[in-house]
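> My questions concern the predicted model and sequence given below.
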Amino acid sequence: MKKFEIVTHPDERLEQKCSKVTIFDQKLHDTLDQLFDLMMEHDGIGIAAPQAGITERIAIVYLDDESGVIEMINPEIKYIAGEETDVEGCLSFPGIFGEVKRTDQIVLSAQDRNGKTFVMEADGYLSRAIQHEADHLDGVLFTSKVTRYVTEEELKALEEEAE
């Protein structure tokens, strides 16, 4: 199996609507494992299959907290509430950060690596990360939602304030 690499903008695969996963086999498990490794190698908190050149509805979010690794196959956001604006970045847009308005609370329905459907609620940063990755599967890039770009200096200042 070939090693995955991060696909960066303007690669056209990033703006394609991905196809539904219908086969839950060892190849899918290997893809999920490789996507996770690629995300960790690049210090990401989420990755969607198109970011590795795969146009299937597969994404992973990992905030390194009690929510654990969330593998989402064919994810659908079933409920939204609230609103918040925060800074986002993206592995496919290195060095670019911007403020994005998103829903604060969601209910997600997706399948796991074995095809079993699960439903989960998320809010705050987890909700944001799931929405960001789900957008990738519809060919929607975070840059299309940015209300204001943020420089790396501003980002460092914000991170220092949060500490």
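Now that the structure is in, tell me what you want to look at.
> residue ranges of the helices in the protein, please?
Taking DSSP state H as the test, the helices found in the chain are 26-41, 124-137, 152-162.
> Please identify which of these is closest to G115.
helix 26-41 (9.0 Å; C-beta to C-beta). Bear in mind the C-beta positions are built from the backbone N, C-alpha and C, glycine included.
> List the contacts of that closest one.
With contacts defined as C-beta atoms under 8 Å, 6 or more residues apart in numbering, helix 26-41 is touched by 1, 3-6, 21, 45-47, 49, 52, 54, 58, 60, 62, 69, 71, 73, 91, 113.
> Please, a PyMOL command that selects the buried ones among those residues?
The following PyMOL line selects those of the contacts of helix 26-41 that are buried, judged by 16 or more other C-beta atoms under 10 Å:
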select buried, resi 4+6+21+45+46+47+49+52+54+58+60+62+71+73+91+113
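> about what we covered before: TSV for the helices of the chain, including mean pLDDT and distance to V87?
Listed next are those as TSV, based on pLDDT from 0 to 100; distance: least, C-beta to C-beta, whole Å:
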stretch	mean pLDDT	distance to V87
helix 26-41	97	19
helix 124-137	97	10
helix 152-162	81	6
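> want to try TSV for these, with distance to T85 and mean neighbour count as columns?
Converted to TSV, the helices of the chain look like this (distance: least, C-beta to C-beta, whole Å; neighbours: other C-beta atoms under 10 Å):
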stretch	distance to T85	mean neighbour count
helix 26-41	24	16
helix 124-137	10	22
helix 152-162	13	10
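> which stretch among the ones you listed comes nearest E84?
Judged by C-beta to C-beta, the one of the helices of the chain that comes nearest to E84 is helix 124-137, at 7.6 Å.
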